[in-house]
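J.: Compute the structure for the input listed below.
(3 chains)
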Amino acid sequence: MVRAPFYDKNGLKKGEWSREEDDKLRSYIQRFGHWNWRLLPKFAGLKRCGKSCRLRWMNFLRPEVRHGNFTEEEDALIIKLHEQCGNRWSTIVKSLPGRTDNDIKNHWHTHLNNRTKRNSTTSDVKDNSSCPTEGEAERILIDTPANMILESSPWSPVTSSTTELSSFSSGSGRMSSFNAIGGLPPSEIYEAQGSGDFWTEPFVADNIYDYNQDGGNGSSLEEGGFHMPLPFDDMCYEDYAYLIYDLMQV
DNA sequence: AAACACAACAACCGCCTGGAA
DNA sequence: GTTCCAGGCGGTTGTTGTGTT
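T.: Residues are numbered from 1 along each chain as shown, chains lettered A, B, ... in the order given. Coordinates of the predicted model:
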């Protein structure tokens, strides 16, 4: 259901993400955060553009993201907020923890848009003045009855790690505070990950890079080991990663 | 069983915004 | 004040799955 992988003229990969790429990106961000999306793929050993990495992380790899099975309550909330905000998905998504703007947008276009057209003859004109501000969106989230959001869902506004994540990952600023030669982000970022359940979750990809480290090509994590995993050529890279991944599942 | 139409959704693209230099 | 650039947002596209004829 997605574009087939291909390489553009700059040698950047486009299209569907492989599991190995997901593992690399997730592993890197969990260790170092997304200190700079444009440079991140290089250091994570990904042949992707920064935007692509950001999108993949935001829409799929973030631990709090869930997909599919919108509840009736969520549908109702989306419709209500859309009436107030129009297509401001980034605002709407604030009231739906665990969802992504892309998910909501897709869901709207494939389900709710038609439904509202059928059910209503109301004007298309959106009154943006009634659209919640950022603070108001947060309040809506808080004021929304728990069963509205929580029904059929393990997620909650309280346990969502969105705040934790965003505060962690957006605060590192630009490359200026980054040791590009050494290939490591600011040490405080690295250390910050030590706290919190999310960061201490076991991570399979780490083991892949342990192999990398043992491969003898001086690509240890401490030396910025995510910077191109050398032992793997493109030929066998994916197969090898899958093999190790599968072994770790046992 | 085959052909077709439509639904679903991951991913891309281009523009806008805000902050740093 | 201006320019540059990274991040974010919303619209759109491309491909696959599913249902219908």
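J.: how about low-confidence regions in chain A?
T.: Scanning chain A for pLDDT under 70 picks out A:1, A:114-250.
J.: What residues does it have near DNA strand B?
T.: Applying Cβ under 7 Å from any atom of the strand, we find that chain A lies next to DNA strand B at A:1-3, A:8, A:13-17, A:51-52, A:55-56, A:59-60, A:67-68, A:102-103, A:105-107, A:109-111, A:114, A:173-174, A:176. In this view, the C-beta of every residue, glycine as well, is placed from N, C-alpha and C.
J.: now, which of the residues you listed lie close to DNA strand C?
T.: Of the residues of chain A next to DNA strand B, the ones that also sit near DNA strand C (Cβ under 7 Å from any atom of the strand) are A:1, A:2, A:3, A:51, A:55, A:102, A:105, A:106, A:109, A:174.
J.: Residue A:46 contacts residue A:24, correct?
T.: Yes. Taking Cβ atoms under 8 Å as the definition, residue A:46 is a contact partner of residue A:24 at 5.7 Å.
J.: hmm, who's touching the helix or strand hosting residue A:103?
T.: According to DSSP states H and E, residue A:103 maps onto helix A:101-107. Residues from elsewhere that reach helix A:101-107 (Cβ atoms under 8 Å, 6 or more residues apart in numbering): A:55, A:58-59, A:67, A:70, A:75, A:78, A:87, A:89-90, A:92-93, A:96.
J.: Would you point out the most distant pair within those?
T.: Based on Cβ to Cβ, the longest span within these runs between A:55 and A:75 and measures 24.4 Å.
J.: count of neighbours near residue A:79?
T.: Applying the criterion other Cβ atoms under 10 Å, we find 17 residues in the vicinity of residue A:79.
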